[in-house]
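Peer 1: I'd like to go over a predicted model; first the sequence, then the structure.
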Amino acid sequence: MLHAALRTIHHPDVFIRVTVTMSKINQAFYLLFDHLLWADKVGIIKTDKDKYSKISAKFWLATIILNLSRDFYELATLLGKTALDYEKGKKMEGNFRQTNGVPTSPMGNITQYPNTAYIIVKKCLRENVQVTLDLVKNLSDLFLPTSTLGYLNLSPGMQGLFGILGSLVGVLTVWDSSYKLSP
């Protein structure tokens, strides 16, 4: 993790540089305390389980918050670009083609959804699958450390559901690296 943090400190975008680097550092500390808890569980060392569990969850929560900050930043940037494309398409209003009698624009069917924001968000999320999947994974993971720290009171079933969702997205990004958000 610390090696990954060293690779991100030279990213040209300052916000991404800070959030990703700090996220990697927090993840390294989360894993350190998580490994200490594991070593205690298998009998290698004795630790204060409750204390280290809380510390581990705090680092995990910080990691997720930083990752979500990065996801929302990326999404806002991409939404801005998509909105500009939409505006360009609206300026070319006279140039709409007819597809089966339905007017279309570069953004898709313009009569199906009168709400422009919906069209822009939908197009942005579909065209940027990496950001969308990372956002879904981080949002589902967010509930786990917040429940461990007592900020939310989730049933074990709900925790399992959020854990499965986050894990499925994680497996998908490992299975096909084109879905992984980088750096």
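Peer 2: Received the coordinates, thanks.
Peer 1: remind me, longest helix of this protein?
Peer 2: Secondary structure assigned by DSSP state H gives helix 49-91 as the longest helix of the chain.
Peer 1: so for the chain, the centremost residue is which one?
Peer 2: Leu135 (2.6 Å; CA atoms, centre = their mean).
Peer 1: do you know how far that one is from Ala76?
Peer 2: 12 Å (CB to CB, to the nearest Å). (C-beta placed from N, C-alpha, C; glycine too.)
Peer 1: can you check Ile16 too?
Peer 2: 12 Å.
Peer 1: more neighbours, those two?
Peer 2: Counted by other CB atoms under 10 Å, Ile16 and Ala76 do not tie: Ile16 has more neighbours, with 17 against 10.
Peer 1: which ones are touching the more buried one?
Peer 2: Contact partners of Ile16, counting by CB atoms under 8 Å, 6 or more residues apart in numbering, are Thr8, Arg70, Tyr73, Glu74, Pro183.
Peer 1: buried only: go through those for me.
Peer 2: Buried residues within these, counting neighbours by 16 or more other CB atoms under 10 Å: Thr8, Arg70, Glu74.
Peer 1: list just the nearest of those residues to Leu139.
Peer 2: Leu139 lies nearest to Arg70 out of the buried ones among the contacts of Ile16, by CB to CB, at 13.0 Å.
Peer 1: OK, contacts around Thr47?
Peer 2: Contacts of Thr47 by CB under 8 Å, 6+ apart are Leu36, Leu37, Ala39, Asp40.
Peer 1: could you look up the SS state of it?
Peer 2: coil (DSSP: H, G, I helix; E, B strand; the rest coil).
Peer 1: mind checking pLDDT for it?
Peer 2: Model confidence at Thr47, given as pLDDT, is 93.
Peer 1: could I get the phi/psi values of it?
Peer 2: Main-chain torsions, Thr47, degrees, to the nearest 10: phi -130, psi 170.
Peer 1: any idea how far it lies from Val136?
Peer 2: When Thr47 is compared with Val136 (using CB to CB), they lie 34 Å apart.
Peer 1: now do Ile55
Peer 2: 27 Å.
Peer 1: ok, Gln130 next?
Peer 2: In terms of CB to CB, Gln130 sits 11 Å off from Val136.
Peer 1: who touches both of those two?
Peer 2: By CB under 8 Å, 6+ apart, no residue touches both Gln130 and Val136.
Peer 1: helices along the protein, start to end?
Peer 2: Counting by DSSP H, the helices of the chain are 2-8, 14-41, 49-91, 116-127, 129-148, 156-175.
Peer 1: pick the most deeply packed of these.
Peer 2: helix 129-148 (a mean of 19; mean count of other CB atoms under 10 Å).
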